[in-house]
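Trainee: have a look; sequence and predicted model below, questions after that.
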Amino acid sequence: MNIQENKIKIGSLEWFYREGLPNEDKKKNPVIFLHGLLSQSFSWLEIMPILTEYGYHAIAPDWLGWGLSDKPDKRDFDYTPSSYIKAFTEFIEGLKLDKISLVVQGFLATIGIQYALQYPEKIDKLIILNTPISSSAKLPWQIAQCGVLFLGDMVTQDPLIVDRTLEKGSGFVISDQNLAFYRKPIVTSSLAGRTLVTVVKKLNLKQVTREIETGLQQWQKSCLIIWGKDDPWLEITPVEELVNSNKKLKLITIEEAKHYPQEHFSKEISPMIVNFLGSNN
């Protein structure tokens, strides 16, 4: 099934998003997929069609500041987590979605979890793939360097930072065709690199993960955590401890998968997501 490419203007800012519509309206809550830093909605293209086959409306936006969405000047959008949460809330309202399920992966996809914690009534089910959710999580150097004074301005203008980050995180070779698409934001405009510097500087990961860890310990809805066990950046032990603290959290590990499991393990992940969304848990 074809995935459509759409845009929606919320206020003065335009979001780009990919959308898969089911053949029949089966009254299922739509599923939103959120990507992490240096990735894009493109990373969900293998999984989205599977969900539409099972009657789900699948939506994957590019975050503001990256991909094919607008990249506003930091004077117009300050790129803090709170601003992203507000913008994401407006995105959902703009699409007139009453209740959603969320699938998140990566650094910055934490915004989706924060949204879920603030608006649990809007969430049906929450699915987390390799996202910093423990207070011990740290930014890997491949991403952290983007926020370093002077160094960040230099490295974020080099398109190969995308290649190095995605392949280091995924642990596998990514096709030249896919890498060409992933690096397009930086190749196309220096603005993408400059916004990446701002995003990393404003990420405030320590405070964000502390909030998420506490929130998930008390989470009262179904939550599936799918974890690439060989993630070079995020340890699994704190995740296991978090899952043990709350019976609503379920953990499935994928051997050999690393930080971007949807990149090379979409065939394994797709049925996990479909089964969880269709369960009564």
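Mentor: That came through, no problem. Everything quoted here is computed from the prediction, not taken from an experiment. Numbering: from 1, shown residues only.
Trainee: okay, CA-based contacts and neighbour counts for the rest of this
Mentor: Noted.
Trainee: could you measure the one residue sitting closest to the centre of the chain against Arg18, distance?
Mentor: For the chain, the residue nearest the mean C-alpha position is His35 (2.6 Å; C-alpha atoms, centre = their mean). Noted for His35: a distance of 12 Å to Arg18, by C-alpha to C-alpha, to the nearest Å.
Trainee: so in that sheet, which strands flank the helix or strand where Glu19 lies, and in what orientation?
Mentor: Here Glu19, judged by DSSP states H and E, is contained in strand 13-20. Strand 13-20 sits in its sheet next to strand 4-10 (antiparallel), strand 58-61 (antiparallel), going by DSSP bridges.
Trainee: average model confidence for the last one?
Mentor: This means strand 58-61. Averaged across strand 58-61, the pLDDT comes to 98.
Trainee: returning to what we had before: quickly note the distance from the residue nearest to the centre of the chain to Gln105.
Mentor: Counting by C-alpha to C-alpha, the separation of His35 from Gln105 is 5 Å.
Trainee: Thr156 contacts Gly193, correct?
Mentor: Yes - contact status for Thr156 versus Gly193: in contact at 4.7 Å, counting by C-alpha atoms under 8 Å.
Trainee: please enumerate the helices of the stretch 151-281 of the chain.
Mentor: In the stretch 151-281 of the chain, the helices defined using DSSP state H, counting those that start in this stretch lie at 151-155, 160-170, 176-182, 184-188, 190-202, 205-217, 237-244, 261-264, 266-278.
Trainee: may I see the buried residues of the third one?
Mentor: Going by neighbour count (16 or more other C-alpha atoms under 10 Å), the buried part of helix 176-182 is 179-180, 182.
Trainee: now that helix: how far from the chain's centre is it?
Mentor: Here helix 176-182 is found 18 Å from its chain centre; the criterion is C-alpha atoms, centre = their mean, to the nearest Å.
Trainee: same check, this time on the first one
Mentor: Its chain's C-alpha centre lies 24 Å from the corresponding centre of helix 151-155 when counted by C-alpha atoms, centre = their mean.
Trainee: number of residues surrounding the nearest residue in space to Asp25 that is not next to it in sequence?
Mentor: Once flanking residues are discounted, Asp25 sits nearest to Gly55: 7.0 Å by C-alpha to C-alpha, 6 or more residues apart in numbering. Look at Gly55: counted by other C-alpha atoms under 10 Å, it has 21 neighbours.
Trainee: where does Asn281 land on pLDDT?
Mentor: 71.
Trainee: can you give me every residue that contacts the closest residue in space to it that isn't next to it in sequence?
Mentor: Among residues not flanking Asn281 along the chain, Ser222 sits closest, at 6.1 Å (C-alpha to C-alpha, 6+ apart). Counting by C-alpha atoms under 8 Å, 6 or more residues apart in numbering, Ser222 touches 124-126, 248-249, 281.
Trainee: you'd agree Ile143 is up against Thr198?
Mentor: No - using C-alpha under 8 Å, Ile143 is not in contact with Thr198, being 12.0 Å away.
Trainee: ok so, going back, for the residue nearest to the centre of the chain, phi and psi?
Mentor: The phi/psi pair for His35 (degrees, to the nearest 10) reads phi -90, psi 170.
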